[in-house]
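Visitor: sequence plus predicted model, see below.
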Amino acid sequence: MESISPREFGRLPDGSSVRIFSLENRNGMKAAILDYGGIVQSLTAPDRLGGYADITLGFDSLQPYLRDSPYFGALIGRYANRIAGGAYMLEGKSYCAAANDGRNSLHGGPRGFDKALWRVERAEVAAEGPELVLRHLSPDGDQGHPGTLDVAATYTLTNADVMRIEFRATTDEPTVVNLTGHSYFNLRGRGDILGHVLQLNASCFTPVDSSFIPTGAIRAVAGTPFDLRSPTVIGAKLVESDEQLVNGRGYDHNWVMDDARRSLSHQATLSEPETGRVLEVWSTEAGLQFYSGNFLDGTLRGKNGVVYPFRGGLALEPQNFPDAPNHSNFPSAELKPGETYRHIIEYRFSADQKSRR
Ligand code: GLA
């Protein structure tokens with residue numbers, strides 16, 4: 001039965017209550033979303049026998065989200081990914097975004113949108129399925145960024161087993177915006193992701209230096225481990241010797257999507273042979289960060305007491321290119337007053353019957 005219902009998940013140090021919203025579609029697919037950080041705490045997906053199981057990494061309680069979370073399931077902003085040294089120029093003025101990754105600003109800085117308590121604007125069963133609308137007003141100067149940014153994130157769990165996140169943002173001064181979702185997927189529901197098969201619709205990627213900052217080059221993937229244009233077992237490529245795999249400690253790079261029309265386009269297909277689970281990622285953005293969970297080191301204890309191993313989950317983050325404010329050859333990340341930033345992400349789930357063993 002389609003439904004959406006809230007309950008208290010925990011309390012922040014200042015006493016405010018954090019709620020978790022449980023969404024269920026007509027097929028029995030479920031999502032749980034926090035108003036803290038817009039975090040997707042769990043998401044179930046069907047396997048080839050029709051069994052729905054949780055395929056995301058996360059925690060059972062609020063405390064570890066406040067303390068230890070490597071952005072599990074979080075909504076990322078104002079600027080997803082890195083800004084070199086936190087510094088950028090916009091309309092002739094220089095800005096310094098707060099650093100939290102060496103000297104770089106990562107995922108919005110030390111108190112990014114993943115650490116904000118969002119206002120629940122709407123929670124209802126809508127035409128396509130249960131829907132949650134979260135709203136956040138980021139003040140002028142927040143984490144060093146100019147302009148008051150008014151952000152809405154609409155989460156819809158459709159009856160076609162699609163989890164859609166639609167972002168909208170407006171500003172009262174020129175600023176930079178790059179919003180994404182940071183779910184860690186493990187379609188097998190346990191172990192590592194090395195046996196997962198990934199295909200990306202990208203002929204180029206943006207190489208990085210050893211601090212994960214793009215060099216500015218847009219490099220062809222042909223002949224490199226970054227050529228994932230046909231379905232590829234992730235673990236088979238990660239063992240190749242390649243300077244970029246060393247710099248990223250594995251895959252932690254932005255791919256340049258072939259379809260640059262900025263309409264909703266197919267970016268990636270992830271599948272898992274044992275369960276038959278398939279995830280297609282669609283987005284209106286020009287880039288996709290694929291992160292193979294290289295910083296997971298077996299120290300985090302997640303849902304149901306499970307310890308997440310090295311590469312126990314992977315993130316597929318549709319977004320603008322990292323450090324775009326510092327690269328004139330990358331798509332512009334600027335949002336001006338009067339414009340509306342809009343980004344749609346769809347995670348489309350299904351099961352592959354063909355590969356039944
Ligand atoms: C992103 C980054 C990674 C890492 C993770 C969080 O995917 O690109 O380098 O910071 O987030 O651990």
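Guide: All right, it came through fine. Bear in mind that the values here come from a model prediction, so they are computed numbers and not experimental data.

Visitor: C-alpha only now, for contacts and for neighbours.
Guide: Fine.

Visitor: read off the pLDDT value for residue 177.
Guide: pLDDT for residue 177: 98.

Visitor: got a list of what it touches?
Guide: Residue 177 makes contact with 77, 78, 79, 333, 334, 335, 341 under the criterion CA atoms under 8 Å, 6 or more residues apart in numbering.

Visitor: surely residue 184 touches residue 72?
Guide: Yes. Contact criterion CA atoms under 8 Å: residue 184 and residue 72 qualify, at 6.2 Å.

Visitor: now do the shared contacts for the two.
Guide: Counting by CA under 8 Å, 6+ apart, the contacts common to residue 184 and residue 72 are residue 57.

Visitor: how long is stretch 25-41 end to end?
Guide: 16 Å (CA to CA, to the nearest Å).

Visitor: any part of it near the ligand?
Guide: No. Stretch 25-41 lies apart from the ligand when judged by CA under 6 Å from any ligand atom; the minimum separation is 14.0 Å.

Visitor: any idea how far that stretch is from the middle of the chain?
Guide: 14 Å (CA atoms, centre = their mean, to the nearest Å).

Visitor: which parts of that stretch are buried?
Guide: 25-26, 28-41 (16 or more other CA atoms under 10 Å).

Visitor: also stretch 306-322?
Guide: Buried residues in stretch 306-322, defined by neighbour count with 16+ other CA under 10 Å: 307-322.

Visitor: return the closest of these with respect to the ligand.
Guide: Nearest to the ligand among the buried residues of stretch 306-322: residue 315, at 6.4 Å, using CA to the nearest ligand atom.

Visitor: sorry, back to before: and the contacts of residue 177 as a markdown table, adding neighbour count, secondary structure and pLDDT?
Guide: What follows is those, written out as a markdown table (neighbours: other CA atoms under 10 Å; DSSP: H, G, I helix; E, B strand; the rest coil; pLDDT from 0 to 100):
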| residue | neighbour count | secondary structure | pLDDT |
| --- | --- | --- | --- |
| 77 | 25 | coil | 98 |
| 78 | 26 | coil | 98 |
| 79 | 28 | strand | 98 |
| 333 | 19 | coil | 98 |
| 334 | 16 | strand | 98 |
| 335 | 21 | strand | 98 |
| 341 | 19 | strand | 98 |
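
Visitor: show me which of these neighbour the ligand.
Guide: Okay, of the contacts of residue 177, nothing touches the ligand (CA under 6 Å from any ligand atom).

Visitor: out of the residues you listed, who's nearest residue 237?
Guide: residue 79 (29.4 Å; CA to CA).

Visitor: tell me the bridge partners for the closest one.
Guide: According to DSSP bridges, the residues that bridge with residue 79 are residue 178.

Visitor: how about it, what does it touch?
Guide: For residue 79, the contact set (CA under 8 Å, 6+ apart) comprises 106, 107, 108, 176, 177, 178, 179.

Visitor: do you know the pLDDT at the second one?
Guide: It stands for residue 107. pLDDT at residue 107 comes out at 98.
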